[in-house]
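**Q** sequence? don't have it. structure:
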C-alpha cells in the first residue's frame, strides 16, 4: 500500500507539467501571495467545443488581482486565436489540460510539449486552494515556465496548493468539464479521438 501511494503521488506531481523548456527563465521559488481574495475580472473567457452537442460550453471568470500577468497572457492568446483548434490532450481523475498549439497538428506524440511563441510567464502563486473548477497555468519543473497551457481541476487537489498559478475558475459548464474528463478510449491520458476546442473568446462579464 505504501508503494502504491508513493507511485500515485509521484504521478500526480508530474500531471501538470508542460514539457516545453526552451523559453524558461529560471529563478528561485516564488513568494506565495497570501490572504488575497480573488476578484472576478470585468471579462470572462468562454470555451466553445468543436463537438458542442457532446461537450457544450465552459465559462471561466478570471482573477487579474491574483495573477495579472497570466490573465493578460491568456486573454492575449485567446484574442489572437492561438487556442482555436487545440485539444484537451490530458484527461485524468484530477484535471483536464489543454492549450498546447502542438495539439493542432497530426502528431499526437508532441501534445503537451509546446507553448506559444511568446516568452514564458513568471509564477504568480497564491494561497487560494485548488478546489473544484479552479483554472491553473501548467508549467515544467521550473516555477517560471507557464506559457499557454492550462488545466481545470475536477475536485479538491491539496497537493497543487501554492505550486501552480491560479488565474480563474469555472462558473458555468462544470458538467461539461466532467464529461470531457470521462472521454474514452484513451492512450494513458490522451483521448484517442481528439477533444477539440473550437474557440476561446474573451467576453464582457455579467
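**A** Structure received. Source: prediction; values computed, not measured. Residues are numbered from 1 along each chain as shown.

**Q** give the residue spans of the chain that score low on pLDDT.
**A** Applying pLDDT under 70 to the chain flags the ranges 1-27.

**Q** tell me where it has helices.
**A** Assigned by DSSP state H, the helices in the chain fall at 2-13, 52-55, 68-79, 174-181.

**Q** show me what counts as buried in the third one.
**A** In terms of neighbour count (16 or more other CB atoms under 10 Å), helix 68-79 has its buried residues at 69-71, 73-75, 77-78. Heads up, the C-betas are built off the backbone N, CA and C, glycines and all.

**Q** the last one now?
**A** By neighbour count with 16+ other CB under 10 Å, helix 174-181 contains the buried residues 174, 176-177, 179-181.

**Q** residue 101 is in contact with residue 114, correct?
**A** Yes - with contact defined as CB atoms under 8 Å, residue 114 counts as touching residue 101 (5.4 Å).

**Q** what is in contact with these two at once?
**A** Common neighbours of residue 114 and residue 101, counting by CB atoms under 8 Å, 6 or more residues apart in numbering, are residue 148.

**Q** now the buried residues of helix 174-181 as TSV including distance to residue 142?
**A** Shown next, in TSV, are the buried residues of helix 174-181 (distance: CB to CB, whole Å):
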residue	distance to residue 142
174	30
176	32
177	27
179	33
180	28
181	27
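
**Q** pick the one among these closest to residue 144.
**A** Lowest distance from residue 144 to these (CB to CB) belongs to residue 177, with 27.1 Å.

**Q** and the closest one, how far from residue 85?
**A** Distance of residue 177 to residue 85, computed by CB to CB, to the nearest Å: 19 Å.

**Q** just residue 190 next, same as before
**A** Counting by CB to CB, the gap from residue 190 to residue 85 is 16 Å.

**Q** count of neighbours near residue 39?
**A** When neighbours are defined as other CB atoms under 10 Å, residue 39 has 12 of them.

**Q** what does residue 140 give?
**A** As a burial measure, residue 140 scores 21 neighbours (other CB under 10 Å).

**Q** next one: residue 81
**A** Residues lying near residue 81 (other CB under 10 Å) number 11.

**Q** wait, what's in contact with it?
**A** Counted by CB under 8 Å, 6+ apart, residue 81 has contacts residue 199.

**Q** go on, residue 151?
**A** With CB under 8 Å, 6+ apart, residue 151 has these contacts: 16, 90, 95-98, 135-136, 138, 164.

**Q** out of those, who's nearest residue 199?
**A** Within the contacts of residue 151, proximity to residue 199 (CB to CB) peaks at residue 98, which comes in at 12.7 Å.

**Q** roughly how far apart are the residue lying closest to that closest one once chain neighbours are set aside and residue 162?
**A** Among residues not flanking residue 98 along the chain, residue 88 sits closest, at 4.1 Å (CB to CB, 6 or more residues apart in numbering). Distance, residue 88 to residue 162, by CB to CB: 25 Å.

**Q** more neighbours: which of the two?
**A** The neighbour comparison of residue 88 against residue 162 (other CB under 10 Å) goes to residue 88, with 29 against 17.

**Q** please consider this matter closed, and thank you.
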